[in-house]
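Asks: Sequence first, then the predicted structure:
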Amino acid sequence: MSNKAFQRTYTRLEAITKATVTLRAQGVSNDELATVEGRLAQVVKIKGDLITLQVFSGTEGIPTNAEVLFHGEPPTLEVSEELSGRFFNAYGDPIDGGPRVEGERRQIGGPSVNPFKRKQPSQLIPTGIAGIDLNNTLVSGQKIPFFADPDQPYNAVMAMVALRADVDKIILGGMGLSNDDYLFFRHEFESAGALNKIISFVNTTDQPPVERLLIPDMALTAAEYFAVDKNEKVLVLLTDMTLYADALSIVSNRMDQIPSKDSMPGSLYSDLAKIYEKAVQLPSGGSITIIAVTTLNDGDITHAIPDNTGYITEGQLYLRADTDTGKVIIDPFRSLSRLKQLVQGKQTREDHSQVMNASVRLYSDAQNAKTKLENGFDLSDYDGRCLEYAKAYATEILSIDVNIGLTEMLDTCWRLFAKYFSKAETGIKQAMIDKYWPAD
Amino acid sequence: MKATGIVTGIISNLVTVHFEGDVAQNEICYIDLRGTKLMAEVIKVSGKNAFVQVYESTRDLRQGDKVEFEGHMLEVQLGPGLLSSSYDGLQNNLATMEGVFLKRGEYTEPLDHDKVWHFTPIAHPGDTVYAADWLGEVKEGWLPHKIMVPFSFKDKYTVKSVAPEGDYRIDDTMAVLTDTQGDEHKVTMVQRWPVKVAVGGYVEKPRPYRIMETGVRCMDTLNPIAEGGTGFIPGPFGCGKTVLQHAIAKQGDAEVIVMAACGERANEVVEIFAEFPELIDPHTGRHLMERTTIICNTSNMPVAAREASVYTAMTICEYYRAMGMKALLLADSTSRWAQALREMSNRMEELPGQDAFPVDLSSIISNFYARAGIVKLRNGQTGAVTVIGTVSPAGGNLKEPVTESTKKAARCFYSLAQNRADKKRYPAVDPIDSYSKYLEYPEVIEYLKERVGKDWVDKVQRTKNLIRRGKEISEQINILGDDGVPISYHEQFWKSELIDFVILQQDAFDPIDSLCPMDRQEYMLSLVLKVCDIEFKFDNYEQCSAKYKEIINVLRQMNYSEFKSEQFNKYLEQLNTLLSHE
């Protein structure tokens, strides 16, 4: 970063903690960026002329006579079409060896959309994964996380969803990605030949955790540029939001704030909401959709991070390993897309919601039959058929490796219904049965 | 003389201001961020330093920036035009803001100053009047909007003149009043009131004695909320809190509805914006939006304004109550408001209470709910503010400060149960944990006997017992197995299932089932209890469950049919056939 004429330089620190430094300075604004001994820092507290700076990469080795330069503005990102296809770090600097991006400088973490000016989300986002499209349909402008255990292939599923989704831009915000995962995303994007519509902001595990705090704002500033200025459909992927929240708790801890539940800062809800609520359907046609990953600790969704997330997002998706078929499936019981009724039967075939409900109900009957079987009870004929159906349903519909269109998904379900059940057992409206029940 | 000051410290949205002159607690000030004025409220004074919470982002703010104090607390404007408007927590009109993004420091007028209203006088020259007395009225939609003596007027006044019937704008002088000193005061259609102060101007606040009908069976039948009463709905995410609230907003028997979306999802508010203008009020046949005001401070909007938003909503309700109307306030969610208090208390480095919430959380919540109530006005009429808040307990655990504090303040408790939501038994209101204290009020019992039926309250209590007994038995069946209990136990269990499926569960998305008027609720409950009276003779438990499943199916079809229609009667006949087989 080159010196600029308006920059002010100081060389005397009053206090140093693990993550912050304090010095006396004049005319400093709140949220302003500074460089401390070459490391980026941001103003977090002003008390008279005592300025406290949060140093993103930590304060190890910073001396009391460190050189501090104030930049005169909060963190910014230069936005232009040139962002496409590029990889950046948390500060928006290229990490792919390419040149700096030239464009309009925008402050990150900008204002919110006036709720009155939003449009109701109404565009289906097809992914080809039937566990999502059929049972938990995604809608543009939605925000939805995967709740996943760390050993589940959430990043792979997310990359798949992103590449299949019909959107103009995909923006990846990687927080605490392992280097392997970073290379995985890079490889997936490159081999899909879709690199020109993808922009990545990545912080890997070997980089300081506090830097992660900039990633979502960077990614969403780029997203707003394409959605608002260019009227594009933008999909933002954020992984892993649990690591983001962990970084928040580190900072609040260093700032001596009183922790609330699970040692998270009291403002966790607002902090997460500020990110997720950037998802929007704009009146001009552009949209921002957010798919995030929140890793769970042993499936515990009462922990403050998934709990607060669940109150903010419009549903959640669960992955589960299905032992009967050996497939990873989208759990049809716990997953939920709150916006699905906005498109089901409106942009999809009329039988969509009926087929969805019947297929999940029959799958749940199969679970009951399984419990019966495990407890050593006799199975009825219906129970036996349910179990057979469940296997086929898990393989042909719920499994994440399914890649078919919505009409095919619906037809597959009808085929399975006809194979294993009588018309009455499905409990579907007569008019739909008359129209869609397979002929033979 | 208004005070001024300069910024000396900033931590997030808590700003320290060194001031000259005098400032008051909760006084409003504007911080001049080099051209952009940021609104803030004093929350603590120490020596010459005032701590203010800023209602906007404090980015770019500097030490030395100038501050001007306004000499009054956070106020709202009250006048015709409030209904069908959408405001943020500080009563800025969201519809008239420019651009797609909310701009910092942009404040818009809440009321339309150019709109013309047709005024009819009520008071006459020479009348003696007090604050909140009616001087005249205009038609706001179909509601008679009273123009009152401003709430801030103390002592008594004599009406000198009232404008004759005709068309006026809200800033026109509608009346001139003379105070006891002989000074004259002009009254327009609009007045201001500080939101954190309860509006008075009524003679007495009796105990609630009427029921506010919502058309939701698990509320009206089992645990009714009183007009002027208080209730709250706690529940984990995904349990249908919002659907239930929207159902109450659409169907609640109130003349004015104020919805405070406090720190919740923006798309949920968009749903209201998109749906409500299309929906028809079942009680009057008018558009729902005409009786609704939306206060919208979604989760990504400034945190400090969240707290203000629930008070803004309450003040608007109280304003309509003073006109002799029934107002209903729906606050979703009060937990977000409490979290805003926690964030601020944390920045002020106050000693924390449980879960880092401020220690006075409980008293703040009970003060808020205490503003609800039915009131007798000086002219003998009554008005009411009914409050229903939702609570979002962390991790779905009801043993947390906001739920516990609200439980002390609110008289009705509608507990949303995760296990009911998992089984898709909606609304997921737990019939055993939930309660309504109003069912213990003798005046409410009297009212219900009059309104619904002489033995109604007994029927309700009997229903509750059947549900409780059913739950106990289902636990025993789980332990002992289907064969381990007598058949009569199965029958008891299925009686509670019958009540669950026919009375408790209700389809909020079905045009007929979603709204169940009181006479229909009475009819269905009596019918269900009649079935429960029958002692069937079953040979085994499978026969029992099969029989009850048939009965449930027929009764549910009745719920989906127009009341007492041909179809409805057809199912009733089917039911009678089913029962007479025994």
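Replies: Structure received. Keep in mind it's a predicted model, so treat the numbers as computed, not measured. Numbering: from 1, shown residues only, chains lettered A, B, ... in the order given.
Asks: end-to-end on stretch A:227-242?
Replies: For stretch A:227-242, the first-to-last residue distance is 26 Å (Cα to Cα, to the nearest Å).
Asks: And it, what's buried?
Replies: Within stretch A:227-242, the residues that count as buried by 16 or more other Cβ atoms under 10 Å in any protein chain shown are A:227-228, A:232-242. The way it works is simple: take the backbone N, C-alpha and C, and place the C-beta from them, glycine included.
Asks: Could you list the contact residues of the stretch 201-350 of chain A toward chain B?
Replies: A:228, A:257-261, A:266-267, A:269-270, A:273-274, A:277-278, A:280, A:282-284, A:302-304, A:307-308, A:310-312, A:314, A:333, A:336, A:339 (Cβ under 8 Å from any Cβ of the partner chain).
Asks: Among the buried residues of stretch A:227-242, name the ones in strands.
Replies: Using DSSP state E, the subset of these located in strands is A:233, A:234, A:235, A:236, A:237, A:238, A:239.
Asks: Kindly reformat the buried residues of stretch A:227-242 as CSV containing pLDDT and distance to residue B:378.
Replies: Below are those laid out as CSV (pLDDT from 0 to 100; distance: Cβ to Cβ, whole Å):
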residue, pLDDT, distance to residue B:378
A:227, 96, 56
A:228, 95, 54
A:232, 96, 61
A:233, 96, 59
A:234, 97, 59
A:235, 96, 60
A:236, 97, 58
A:237, 96, 62
A:238, 96, 58
A:239, 92, 63
A:240, 91, 62
A:241, 96, 56
A:242, 96, 59
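Asks: What is the nearest of the residues you listed to chain B?
Replies: Nearest to chain B out of the buried residues of stretch A:227-242 is residue A:228 (Cβ to the nearest Cβ; 6.9 Å).
Asks: which residues touch the nearest residue to residue B:234 once chain neighbours are set aside?
Replies: The spatial neighbour of residue B:234 that comes closest, neighbours along the chain excluded (Cβ to Cβ, 6 or more residues apart in numbering or on different chains), is residue B:391 at 4.0 Å. By Cβ atoms under 8 Å, 6 or more residues apart in numbering or on different chains, the contact list for residue B:391 reads B:232, B:233, B:234, B:235, B:333, B:334, B:335, B:402, B:403, B:406.
Asks: Neighbouring strands of the strand or helix carrying the second one in the sheet, and parallel or not?
Replies: Per DSSP states H and E: residue B:233 is located in strand B:230-234. Applying DSSP bridges to the sheet, strand B:230-234 is found paired with strand B:382-391 (parallel), strand B:412-413 (parallel).
Asks: quick one: the shortest one to chain centroid distance?
Replies: Same thing as strand B:412-413. On the basis of Cα atoms, centre = their mean, to the nearest Å, strand B:412-413 sits 13 Å off its chain's mean C-alpha point.
Asks: buried residues in the next helix or strand after it?
Replies: Counting by DSSP H and E, the next helix or strand C-terminal to strand B:412-413 is helix B:418-422. By neighbour count with 16+ other Cβ under 10 Å, helix B:418-422 contains the buried residues B:420, B:421.
Asks: residues making contact with helix B:418-422?
Replies: Contact with helix B:418-422 is made by A:333, B:235, B:236, B:238, B:239, B:240, B:396, B:426, B:428, B:429, B:430, as judged by Cβ under 8 Å, 6+ apart.
Asks: can you map out the helices along the stretch 151-300 of chain A?
Replies: Along the stretch 151-300 of chain A, counting by DSSP state H, counting those that start in this stretch, helices occupy A:154-164, A:179-191, A:215-224, A:241-254, A:268-276.
Asks: looking at those, which is buried most?
Replies: helix A:215-224 (a mean of 26; mean count of other Cβ atoms under 10 Å in any protein chain shown).
Asks: What average pLDDT does it get?
Replies: The predicted model gives helix A:215-224 an average pLDDT of 97.
Asks: Sketch out the low-pLDDT regions of chain B for me.
Replies: B:581-582 (pLDDT under 70).
Asks: domain ranges for it?
Replies: With domains defined by automatic domain parsing, chain B comprises B:4-73, B:117-192, B:217-437, B:456-580.
Asks: Columns distance to residue A:379 on top of those, output as TSV?
Replies: Converted to TSV, those look like this (distance: least, Cβ to Cβ, whole Å):
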stretch	distance to residue A:379
domain B:4-73	61
domain B:117-192	62
domain B:217-437	22
domain B:456-580	15
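Asks: right, so those domains: which one is the most enclosed?
Replies: Greatest average neighbour count among the domains of chain B goes to domain B:217-437 (a mean of 22), per mean count of other Cβ under 10 Å.
Asks: Am I right that residue A:343 is in contact with residue A:136?
Replies: No - at 11.4 Å, residue A:343 and residue A:136 do not qualify as touching, with contact defined as Cβ atoms under 8 Å.
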